[in-house]
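Participant: model the structure of this input:
(chains A, B, C and D)
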2 protein chains.
Amino acid sequence: MEYRPEIPGSQRTLHPDDPALHLVGDSAAIEEVRSLIRYAAATTIPVMITGPSGCGKEVVAKSLHRCSERAGEKFVGVNCGAIPRDLLESELFGHEKGSFTGAIAQRIGQFEDASKGTLFLDEIGDMPFDMQVKLLRVLEEKQIERVGSTGAIPIDTRIISATHQNLDQAITEKRFREDLFYRLSVFPIDIPPLKERRDDIAPLIHHFIQQIGGEAIYFTAEAMEILENYAWPGNARELRNIIERAVLLFPGMMISASQVSTLFRRRASNAPTYQADSLPSRFPGAPEARPFMDQSDRRGTLGGGFDLKKHLMQEERKYLLSALRMAEGVVAEAAHLVSLRRTTFVEKMRRHKIERKMALGDPRSGLVAGSIRSE
Amino acid sequence: MEYRPEIPGSQRTLHPDDPALHLVGDSAAIEEVRSLIRYAAATTIPVMITGPSGCGKEVVAKSLHRCSERAGEKFVGVNCGAIPRDLLESELFGHEKGSFTGAIAQRIGQFEDASKGTLFLDEIGDMPFDMQVKLLRVLEEKQIERVGSTGAIPIDTRIISATHQNLDQAITEKRFREDLFYRLSVFPIDIPPLKERRDDIAPLIHHFIQQIGGEAIYFTAEAMEILENYAWPGNARELRNIIERAVLLFPGMMISASQVSTLFRRRASNAPTYQADSLPSRFPGAPEARPFMDQSDRRGTLGGGFDLKKHLMQEERKYLLSALRMAEGVVAEAAHLVSLRRTTFVEKMRRHKIERKMALGDPRSGLVAGSIRSE
DNA sequence: ATTAGACCGCCAATATTTTGACGGCCAATT
DNA sequence: AATTGGCCGTCAAAATATTGGCGGTCTAAT
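Facilitator: Coordinates of the predicted model:
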C-alpha cells in the first residue's frame, strides 16, 4: 500500500495557491468574482469594483492585487469620499514644500507611493468633479505632477476603483465624468449584495469567527436560518459587526434563535425596556391594589424572549435523555453517567415526564463503535 | 448598479459540476484523488483503488464512474471477498439454466449487467486464485462466457478494482497473480488512512451529520480536537459510526469533549461499571460501619466524566454573564433579559461570584449593529 | 438642596430540590 | 424454593433556591 503513483500531467494546476481563492464564499456570484479576479490579475487594465456598501470591495481589490504580478509591491488605498476635498489632490499626487499653506514639507502622493504597485481608489463616485479631470489627465498621461511642482513624474500604477454608487446615474446627473468612467471601468467587477448570495453567509460567519479570534461561538440551526434570511442592508460589514457582538456577548456559547434576535436589537440605552404601564403606581384608583413591589422587579415571561430557567430545564432534559439512552434504559447507570444519584435522577425524570422506555429506541442497532472488522 | 459585465473567455471552466468534487474533504490527499479521478474519468483504463478499510474506496469508485462518460450507465459493485468462493464465478459471469445444481434459471452475471457501465470489484485481493485466472482471461479477451455456456459474449465494461490489502505482498506470497495485478492496476489511486488527512475530518463530520439527517449536532472546539486527533483505525466508516451514534445520543446538542470520549467507550453491556468493591457489604469487619445505602446509589464524581450539575451551573453562569454584558452591567435589565427577577439574578450572581463590573468590558465599543452608513 | 427614579444588597418567609432510607420486583443462582 | 444482587419507585427530612419587602445609594432634574 506504499505505492503512490506519479501520474504525468495531473499536476496541481487547478488550485495554485491563488489569493483569489481566499475570498470567502462558495456562491455562484463569488465564484464568478473569483474568475474575474483571475482574469483581471493577469493584466494591468483598470478594474472597477461595484457593489453596495460593506460588501467587501476592498477585500476584492486586495485579492486582485495579490493575484497579480504586483503582489510583491505596495497596495495603497485611498478613500476618495472620506478625504476632505481640498486635501485630496495633495493626497493623491503629493506636494512640494511650501506649495500651499500648511505644506510644511514635501510629501509623496499615494499615486507615487503605489508606483509599481496597485492604487485602490475607493468611493470614486464621491470624488469632486474637478478632481475627476485631474485624475483623468494623470491616467492618460501616465505621469503625475506634485502640487506646486513643475516637473512631471512618470508612474506605473495599477488602478482599481470602487464605488457603491450607481455611476450611470451619476453620469446622467453630470456628477461624474463619462470619460473618466470609461477610463476606469474597463474591466468591471460587480459584487451583488449579501442578501443575493445567501450561500456565502455561513462561510462568512465562520470566517469572521476565526478572524476575530477568542472563544468560538456556535449557532443553532434556527439561529443560522435567521442569519441567512436577514436582509443584511449593511452586507458583509454588518454581518461582521453582528458576529463581533456575538463573540463579545456569548463567548464559547451556542447561540439560539432568540438570542440572535437580541443581537440585532440595540439596547435601548437609557429608557429601559419597560412597557408603558409603569407610571400610575400611586394613581387614585386602586391605590393599594397592587402589592407595590420593587419597580425594577417585574415578573412574567416578558423577558428578552429568552427564559433562562426554561433553557436550563431543556438542557437538563436533553442530558437526562442522552444519559438514559447511553445507559440503554438503566436508570442507575444513567444517573452514574451524569454524576447524579439514582434517586435524584428518578425525581428529575418524573419532573420531566421522561420514561425509561423513551430511551429504548432500537435494541438492535449494532452500533459497535470501536470494532472495525476488515472490510 | 445593474450592469453585470460579460467578460469574454471567463466562462465557468474551472468548476464544471464535477462529481469528483462531491468527494468530501479539502486535504491535499483528497485534492490529489480528485485530480486522479478527473484524469482517469476521461479514459476507460482499469483503475485500482487502494487504501485501508473504511476509507471510502467505493465512494471514490462511484465518483469516478459519475465523472466518466459512462455516468449514465450502470455502476455495479461486487464484493469479491464477501461472496462465497463457489458462487463468485456465477455472480460475475452468470450461468445458463441447469448448468449446476441449484442453477434453476439462467442468470445474468455482473459483468454483463455492467456492460457499457462500470464494474467495481471490491476486495479484489480476496479473490480466489483460480478465479483470478478466469478474470484475467475475461479482461484480455474482452468477452465472457456464462457458466455452462459455450458461446462467448463480448463486453464493454469499465473495471475499477479495490482492495485494502497490500497486493505487492500478496503477489510475493503467491496469493495474487502478478499478471492480473498489472492488468487491473494500470492507473492506481491510493487513499491514505484518515489519520493522515486530519483536515478531512471536520468536513466529513459535517457531511455525515447532513447525510444522516435528523436533528443536527455540534461539537465544541475541544471535542473537535479529540475527533481530529483520534487515530481512526476504522477510517471514514468508523467516523460515520461515531457520528451516527452521536446523532442518536445527543440530538440537537452541543457535544463536549468529555461526551466525545463516552462516544468511543462501549457500554459495558452487562457487567456494570462498578468498581470491584461492591461485594463485602456484610463482611465481618466493620459490619455496620458504612450506613448501608442503596447499592445502586454510588455517589462521588466518579461519573462518566460528565457532571450534569456542574454543566448546568456553567451554562447558567455563561448566560448570567451574557445577560449582564448585554445590559451593560444593569442588573435589573440583565435579569429581565433572562426572565428572572432582579433579586434572583443577584442571588445567582453571588453564588457564581459574578460582579457587575465583570460585564463592563469596554464602555466605548461603538457596536451599532443596525446603523450602516454609506461606506 | 431637595426630590424622584432607577438600582443595589440583604433578609425572612416560602417553595423546590436533593438526600437517605425503605420496601418491592425480577431474574439468575444455589 | 429460597437467596442474592441489581433495579425501581416513593417518602419524609434536610438542603437550596426563589420571592417579596425594605432601606439605602447615586444621578439627574427641579
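
Participant: once you drop chain neighbours, what's closest to the most centrally placed residue in chain A?
Facilitator: Central residue check for chain A by CA atoms, centre = their mean: the C-alpha nearest the mean position is that of residue A:240, 3.4 Å away. Using CB to CB, 6 or more residues apart in numbering or on different chains and skipping residues adjacent in sequence, the residue nearest residue A:240 is residue A:208, 5.1 Å away. Every residue, glycine included, has its C-beta placed from N, CA and C.

Participant: repeat for residue A:111
Facilitator: In space, and not counting its chain neighbours, residue A:111 is closest to residue A:144: 5.1 Å by CB to CB, 6+ apart.

Participant: can you pull the contacts of that neighbour?
Facilitator: Taking CB atoms under 8 Å, 6 or more residues apart in numbering or on different chains, we find residue A:144 in contact with A:92, A:93, A:94, A:109, A:111, A:112, A:138, A:152, A:153, A:155.

Participant: tell me which two of those residues sit farthest apart.
Facilitator: The most widely separated members of those, counting by CB to CB, are A:92 and A:152 (14.4 Å).

Participant: the more surrounded of those two?
Facilitator: When residue A:92 and residue A:152 are compared on other CB atoms under 10 Å in any protein chain shown, the one with more neighbours turns out to be residue A:92, at 26 against 13.

Participant: was I right about that one contacting residue A:108?
Facilitator: No: with contact defined as CB atoms under 8 Å, residue A:92 does not count as touching residue A:108 (10.7 Å).

Participant: and residue A:359, how far from residue A:334?
Facilitator: Using CB to CB, to the nearest Å, one gets 8 Å for the distance from residue A:359 to residue A:334.

Participant: quickly list what's touching both of the two.
Facilitator: A:324, A:327.

Participant: helix or strand for the residue nearest to residue A:49 when sequence neighbours are not counted, which one?
Facilitator: Of all residues beyond its chain neighbours, the one nearest residue A:49 is residue A:162 (4.2 Å), with distances taken as CB to CB, 6+ apart. Assigned by DSSP states H and E, residue A:162 belongs to strand A:158-163.

Participant: which elements pack onto that strand?
Facilitator: Taking 3 or more CB pairs under 8 Å, 6 or more residues apart in numbering or on different chains; DSSP states H and E as contact, the helices and strands that strand A:158-163 lies on are strand A:47-50, helix A:57-67, strand A:118-122.

Participant: and the residue nearest to residue A:111, that one's in a helix?
Facilitator: No: counting by DSSP: H, G, I helix; E, B strand; the rest coil, residue A:144 is located in no helix; its state is strand.

Participant: and the helices in chain A?
Facilitator: Applying DSSP state H to chain A gives helices spanning A:28-41, A:57-67, A:85-93, A:110-113, A:129-141, A:167-172, A:178-184, A:201-212, A:221-229, A:235-249, A:257-264, A:308-326, A:331-337, A:342-351.

Participant: so which elements touch the last one?
Facilitator: Going back to what we said before, that points to helix A:342-351. Applying 3+ CB pairs under 8 Å, 6+ apart, one finds that helix A:342-351 makes contact with helix A:308-326, helix A:331-337.

Participant: what's the closest non-adjacent residue to the residue of chain A found nearest DNA strand C?
Facilitator: Taking CB to the nearest atom of the strand as the measure, chain A has residue A:344 as its residue closest to DNA strand C, at 3.5 Å. Take residue A:344 and drop its neighbours on the chain: the residue closest to it by CB to CB, 6+ apart is residue A:335, 6.9 Å away.

Participant: quick one: that neighbour and residue A:323 touch, right?
Facilitator: Yes: between residue A:335 and residue A:323 there is a contact under CB under 8 Å: 7.4 Å.
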